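Asks: Any chance you could fold what I've pasted below:
(one chain, ligands or ions: 2)
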Amino acid sequence: MSSDPRTAAPGADADHLTGTRRLAGDLVTGPVDRFAEPLTKVLGPRSAGALAKLGLETTGDLLGHYPRRYGDPGKLTDLGGLVLGEHVTIMARVVQATVRAMRSRGGAMLQAEVTDGVHRLSLTFFAKGTGALRTHESRLQPGRTGLFTGVVSAYRGARQLTHPDYLVIGVDADDEEAALIEARRPIPLYPASASIPSWRIQKAVRQVLDPLTEDEVPDPLPPAVREARGFGSRHAALKDVHEPFDTRQWQHGRDRLRYEEAFVLQAALAQRRARAEAEEATARPLRAPGEPSALADFDASLPFTLTAGQREIGEEISGELERSRPMQRLLQGEVGSGKTVVALRAMLQVVDAGGQAALLAPTEVLASQHARTLRTLLGPLAEEGMLGGADHGTRVALLTGSMGAAAKKGALLDAASGRAGIVVGTHALLSENVQFADLGLVVVDEQHRFGVEQRDALRAKARTSPHLLVMTATPIPRTVAMTVFGDLETSSLTEIPAGRAGITTHVVPADNEAWMDRTWQRVREEVDAGHRAYVVCARIHPDEPAAGSGAADGEGAPAKKKTRTDDFDEVPDFLDLDGPGTGSDRPPLRAVLEVAEELASVPALRGLAVGVLHGQMAPADKEKVMADFASGAVQVLVSTTVVEVGVDVPEATVMVVFDADRFGLSQLHQLRGRVGRGSAPGLCLLVSTVEPGTPAAVRVETMAETTDGFRLATVDLELRSEGDVLGAAQSGRASSLRLLRVVKDVAVIEQARADAAEVVGGDPELEQHPELRAAIASRLDPEREEFLERA
Ligand code: ADP
Ligand code: MG
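Replies: Ligands and ions are numbered 1, 2, ... in the order given. Below you'll find the model as predicted:
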């Protein structure tokens, strides 16, 4: 902490600051965007430098750095619990302060004492002469309350802070009454750092905010909305949260700013919806009964009857495909609810009508599996015929990034000529050289790996806007759907097809040998009964970190380490590599290659065919091992989370997941959904090393308790930050949401959505609402905006 009295005294660099501001004011002639002004210009280089370390560069950044919470000036810190050597910020009352000259050493010293009412703490300042200490003395008057920051040390057995940085509450007030009021105000406590304490941020905020007039604070909320919801201006709201006089005031301001975040986001989504709806699509009507139809033949050949949900949603989609406006639909469904069949039926309707469908999958494994499944499901329908001809068969082309040149060329030709009615692929489908004869429908499978940009890139490949069907990997809470996929209409498949025996889940302590033995015995029993087993590990090589293995293949570590600096209510992130319950003393994560080798010497598994699958393998090898696993040539598949999404081998009945506590709940739910897909019951064994009673253990146990994907998704999201929720879907810039909690703020999101729909409905391009338009533009990722323009 700095001991310079100039910095310690509030308002000490005010001269310098007003000077700067006056200068800036003189130079400015026209209206300026005060929010874009760099803090270096407004506050001077020193304060601005410290704020830059928190990522705050402009006035707007600083004013959007809201207090994390508010201190109650009546509540003093318990000084009994101070630990030597710790950097602390405490609130205490001054008992006395005396300056004296030090005869022995020369120089002067100020000794002050503060109290929490029970314990006492010394504050010590040194200077060359007594004069330099008088400012402190005059501020640290007995009875005043202040915030003090420093490192706790000891002098002759007593705790003390040497040269603490401090703020005395109410000291700058004009008179005693004002001082009293000042002293009772809630104290905004900002997300701070050691280089800049909270009250220094508070001071900077005031210096920036106080001179702003109402006109200089643009307000994205239209007056009518503001009035209907009982909110004041944005200017007032900023005052409320940064400089409140009482609790109700900051709560009111925070409510308004939270609502505003939801409103701007929903307005952007409403605009997107409106724009998509204004686009023209090619209608893809159903064939009349009796006419040759791939869809009708497919339905007739299905080995099962559709669930009621599959039928209803199928009809809804079918109706939308018949219109000349592009369908924009999200199909979310429980794992194993049969989304693929729904999508395939939609694709066949488009093929029947002479168009093409693209199916975009997140991994190569999944793309080739889809191609294989579709070809199998279609049988002879996938082998013959030319698109648009009298014949109603089609071709399924597969296109992935790592395919051989010849195969790729063939697939590209099939897509461009229209010969392939269905083109399945990974991101490779998005590349420039992929062309379609008549792309009518884009299906995005397991959306969580694809962003808005990718969707738009595919849509740009069609002459008229293609219909769009997006499928999520796991069910997601309603508000998340409204926020992340807010530009799409939603259908939900909640029903699991009849005849599934269900899944049982158990937690297995990794260090319990008897349980581990039993685990392998169960695997053996399943395989002996003609079934198959997955063994999932968090990484590939034993000597590699868990992160980033085959990222290009959509495969990665189960949990990535990340840091948050702008959080409000600290959301514990139990997935953090250094998080609670996962201390450095935990054994290293199990790896695919290591486990596969060990399984060879497990007595219970003797003689079984063990295969290995991970993202770093050559595509052909991946293909082969998946095919072998499907056929039974491989009985136990040791793999990374590359099997997480969508892999469908109905004979697989048991899954062992190592280090289960390191995976997100939705991810575990997805993984678990790989077993028990046939008529035999599934078994999922979650091997974990966590201490019982820790949050990580609770999460794993929640997994064992429920198979309700909605519930797991909600629990999962509650444990994550908004950045994760939104970042995962790459929708909007996470940093634009500071106060809104997607999982919690259901009512706010619903209100904002309704209000935004009304505003955008009456003025799609927001010509009457330039401030809202500007907020949308500045709060959305520029890259995304670019795509919006191009689409
Ligand atoms: P998900 O929704 O998880 O993507 P899939 O589409 O992969 O699920 O379907 C899971 C399994 O259920 C597949 O093997 C599929 O053939 C089968 N299936 C789909 N619909 C039905 C149904 N109505 N009755 C029986 N089995 C079905
Ligand atoms: Mg699927």
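
Asks: Which one of the residues in the stretch 151-300 of the chain is closest to ligand 2?
Replies: At 17.4 Å from ligand 2, Phe298 is the closest residue in the stretch 151-300 of the chain, using Cβ to the ion. Every residue, glycine included, has its C-beta placed from N, CA and C.

Asks: can you pull the contacts of that residue?
Replies: Contacts of Phe298 were listed using Cβ atoms under 8 Å, 6 or more residues apart in numbering, and they are Leu344, Arg345, Leu348, Leu377, Leu378, Leu381.

Asks: how distant is stretch 242-251 from the center of its chain?
Replies: 30 Å (Cα atoms, centre = their mean, to the nearest Å).

Asks: Going by neighbour count, which residues of it are buried?
Replies: The neighbour-count check on stretch 242-251 (16 or more other Cβ atoms under 10 Å) flags His242, Glu243, Pro244, Gln249, Trp250 as buried.

Asks: cool, stretch 269-289 as well?
Replies: 269-276, 281-284, 286-287.

Asks: how long is it end to end?
Replies: In stretch 269-289, first residue to last residue: 39 Å (Cα to Cα, to the nearest Å).

Asks: Next, Thr504: phi, psi?
Replies: Phi and psi for Thr504, reported as degrees, to the nearest 10, are phi -110, psi 140.

Asks: For it, which non-adjacent residue is spatially closest?
Replies: Excluding the flanking residues, the one nearest Thr504 by Cβ to Cβ, 6 or more residues apart in numbering is Leu683, at 5.5 Å.

Asks: Show me what the strand or helix carrying that neighbour packs onto, helices and strands only.
Replies: Assessed by DSSP states H and E, Leu683 sits inside strand 682-688. Using 3 or more Cβ pairs under 8 Å, 6 or more residues apart in numbering; DSSP states H and E, the elements in contact with strand 682-688 are strand 503-509, helix 513-528, strand 652-657, helix 665-672, helix 695-705.

Asks: Check those for me and report the most buried one.
Replies: Ranked by mean neighbour count, the helices and strands packed on strand 682-688 are led by strand 652-657 with a mean of 27 (mean count of other Cβ atoms under 10 Å).

Asks: what about it, average pLDDT?
Replies: For strand 652-657, mean pLDDT is 95.

Asks: and that strand, what other elements does it pack with?
Replies: Judged by 3+ Cβ pairs under 8 Å, 6+ apart, the packing partners of strand 652-657 are helix 513-528, strand 532-536, helix 665-672, strand 682-688.

Asks: try 10 Å this time
Replies: Under the contact criterion of 3 or more Cβ pairs under 10 Å, 6 or more residues apart in numbering; DSSP states H and E, strand 652-657 touches strand 503-509, helix 513-528, strand 532-536, strand 636-639, helix 665-672, strand 682-688.

Asks: Now do the strand holding Leu683 and strand 652-657, the angle between them.
Replies: Interaxial angle, strand 682-688 versus strand 652-657 (axes from the mean of the first three to the mean of the last three Cα atoms, to 10 degrees): 10 degrees.

Asks: quick one, phi psi at His242?
Replies: phi -90, psi -30.

Asks: For Gly761, give its distance to ligand 2.
Replies: As judged by Cβ to the ion, to the nearest Å, Gly761 and ligand 2 stand 35 Å apart.

Asks: Okay, buried residues for the helix or strand where Lys408 lies please.
Replies: Using DSSP H and E, Lys408 falls within helix 405-417. Neighbour counts over helix 405-417 (16+ other Cβ under 10 Å) mark Lys408, Gly410, Ala411, Leu412, Asp414, Ala415 as buried.

Asks: Could you save the residues you listed as a markdown table and add columns showing pLDDT?
Replies: Output for the buried residues of helix 405-417, formatted as a markdown table (pLDDT from 0 to 100):
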| residue | pLDDT |
| --- | --- |
| Lys408 | 92 |
| Gly410 | 93 |
| Ala411 | 94 |
| Leu412 | 95 |
| Asp414 | 94 |
| Ala415 | 94 |
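
Asks: so where's the stretch 451-600 of the chain uncertain?
Replies: By pLDDT under 70, the weakly predicted segments of the stretch 451-600 of the chain are 451-455, 544-586.

Asks: what residues does it put near ligand 1?
Replies: Contacts of the stretch 451-600 of the chain with ligand 1, taken as Cβ under 6 Å from any ligand atom, map to Pro497.

Asks: What ranges does the stretch 451-600 of the chain have for its helices?
Replies: For the stretch 451-600 of the chain, the helices defined by DSSP state H, counting those that start in this stretch cover 452-459, 478-484, 513-528, 592-599.

Asks: Isn't Ala36 up against Thr59?
Replies: Yes - the criterion here is Cβ atoms under 10 Å, and Ala36 meets it with Thr59 at 7.3 Å.

Asks: Relative to Ser679, how far out is Thr494?
Replies: 21 Å (Cβ to Cβ, to the nearest Å).

Asks: With neighbour numbers in mind, choose between those two.
Replies: Thr494 (14 against 10; other Cβ atoms under 10 Å).

Asks: Do a quick rundown of the helices in the stretch 651-791 of the chain.
Replies: Under DSSP H, counting those that start in this stretch, the stretch 651-791 of the chain gives helices at 665-672, 695-705, 709-718, 722-728, 746-762, 770-779, 782-790.

Asks: For ligand 1, find the nearest of these.
Replies: Ligand 1 sits nearest to helix 665-672 of all the helices of the stretch 651-791 of the chain, at 8.5 Å, using Cβ to the nearest ligand atom.

Asks: could you give the angle of the helix or strand following the helix holding Lys408 to helix 405-417?
Replies: Using DSSP H and E, the helix or strand that follows helix 405-417 in sequence is strand 420-425. Angle, strand 420-425 to helix 405-417, by the same axes, to 10 degrees: 130 degrees.

Asks: Determine the set of other helices and strands touching strand 420-425.
Replies: In this structure, strand 420-425 packs against helix 339-352, strand 356-360, helix 364-378, strand 395-399, helix 405-417, strand 439-444, with contacts taken as 3+ Cβ pairs under 10 Å, 6+ apart.
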